[in-house]
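J.: Sharing a model prediction with you, sequence too.
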Amino acid sequence: MTPAYKLGTSCLTPIKRELNKVTFTHVDSQTLHLVLYHFSRHKQWQPDVEWTEQFAGAVMYPTAINEKWTPPPWNDKDAPAEKDVSNLTINFGPQHPAAHGVLRLVLELSGESVKKCDPHVGLLHRGTEKLIEYKTYLQALPYFDRLDYVSMMCNEQAYSLAVEKLLNIQAPLRAQWIRVLFGELTRILNHIMAVTTHALDIGAMTPFFWLFEEREKMFEFYERVSGARMHAAYVRPGGVHQDMPLGLMDDIYEWCKNFSIRIDEVEEMLTNNRIWKNRTVDIGVVTAEEALNYGFSGVMLRGSGIKWDLRKSQPYDKYDEVEFDVPIGSRGDCYDRYLCRVEEMRQSLRIMIQAMNKMPPGEIKVDDAKVAPPKRSEMKVRPGYQTRVHAIERSVPRH
């Protein structure tokens, strides 16, 4: 024990210091502040080199306690904690805004990934074949508009070709070129719906507005040639309903030139977009073997790498007289199918321009009242004969 003394009073008050304990006896607050100030002015201890070397290295301040600590798992290299995870099973459709009542999908989800899918089809267009058993060939036509309501004239064309083959007749040349023209216009309608709604579902909204503006212009072409925007009933067995009005081909040609620029704008936004590729590349992969086993057709088949297009392999109407390329995919994922649809829109524009350049003048339906209704002018000249002939129009065989 070392005695210490303080100044400023009439007597010296001993201060006892034992080790780290300092005991003050009979000291007021002012004296205590002076003593503390006096101690603080003494020489302070500073860490030397030997002391600091023990803390060198990657670990800060190792002690007997924190040496037992381990870093928390911050990356995927650490083993994940054991947990019991169950997938979520949900119903997609038929009563769903995106399903439109066409089907029901029982989906098993793991987060945002679809692990299993159980489709239930047959919820739309029930009894179509039974309904047309009691119709004539012409009366059955509107049912095919509604089988795929985004590819209206393509359905009409397939039905009309089947009836013409059954009756051993052929539509006039001008009617065949009109079918090619509006068939490719309808193909673009279909691909616009597929690309834009797909983009909308995964977060890209702008292409939807851009291309649906073009879609409205195409509906105007439908309306000018048939009177209806969607369910046109324009392509009929034996030809088409009526000839194109004056000025329509000029407007379609101007639209084709402008639409090619619109495709470039959409591709500039999506094709090399990092977010778009992250959400489409290697997603929904369908191999070529699976596509064949499932009976796929169209873009779903060509996107998997199989070069099969009926316009090339089994050409109908005037497709054997036009030049176009068939794009195919290499990986069978959503990104390949998107690229196929975009390129097919370009090829459709190419076919449409060739069809307009090669379209000859002439009749637009066969001259057979049992297949196609006669013209109004002919009905007025010989109303009784034409009405009687058309009244015995051929019907669908029931056996």
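T.: Here it is on my side, so go on. Numbering: from 1, shown residues only.
J.: What are the structural domain limits within the protein?
T.: 1-39, 88-120, 129-391 (automatic domain parsing).
J.: mean pLDDT for the ones you listed: which is lowest?
T.: Mean pLDDT values for those show the minimum at domain 1-39, a mean of 49.
J.: before we move on, the earlier item: please work out which of the domains of the chain is packed deepest.
T.: Most buried of these, by mean neighbour count (mean count of other Cβ atoms under 10 Å): domain 129-391, with a mean of 17. For every residue, glycine as well, the C-beta is placed using N, CA and C.
J.: Assign residue 108 to helix, strand or coil.
T.: Following DSSP: H, G, I helix; E, B strand; the rest coil, the label given to residue 108 is strand.
J.: my bad, should have said residue 97
T.: coil.
J.: For the domains of the chain, could you give me CSV that also reports distance to residue 50?
T.: Compiled in CSV, these are given as follows (distance: least, Cβ to Cβ, whole Å):
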stretch, distance to residue 50
domain 1-39, 23
domain 88-120, 55
domain 129-391, 54
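J.: now the helices for the stretch 101-250 of the chain?
T.: With DSSP state H, counting those that start in this stretch as the criterion, the stretch 101-250 of the chain has helices at 128-132, 141-145, 152-167, 173-201, 206-226, 248-270.
J.: for the domains of the chain, which one sits closest to residue 47?
T.: domain 1-39 (19.1 Å; Cβ to Cβ).
J.: For stretch 297-317, which outside residues touch it?
T.: With contacts defined as Cβ atoms under 8 Å, 6 or more residues apart in numbering, stretch 297-317 is touched by 157, 161, 171, 176-177, 179-180, 183, 191, 194, 286-288, 290-292, 296, 319, 324, 326-330, 332-333, 336-337, 340-341, 344.
J.: Apply 7 Å and report the result again.
T.: With contact meaning Cβ atoms under 7 Å, 6 or more residues apart in numbering, stretch 297-317 is reached by 161, 176, 179-180, 286-288, 291, 319, 326-330, 332, 336-337, 340-341.
J.: next one: stretch 282-293
T.: Contacts for stretch 282-293 (Cβ under 7 Å, 6+ apart): 300-301, 304-306, 331-334.
J.: Out of those, which two sit at the greatest distance?
T.: 306 and 334 (16.9 Å).
J.: thought residue 319 was touching residue 177?
T.: No. Taking contacts as Cβ atoms under 7 Å, residue 319 lies outside contact range of residue 177: 10.6 Å.
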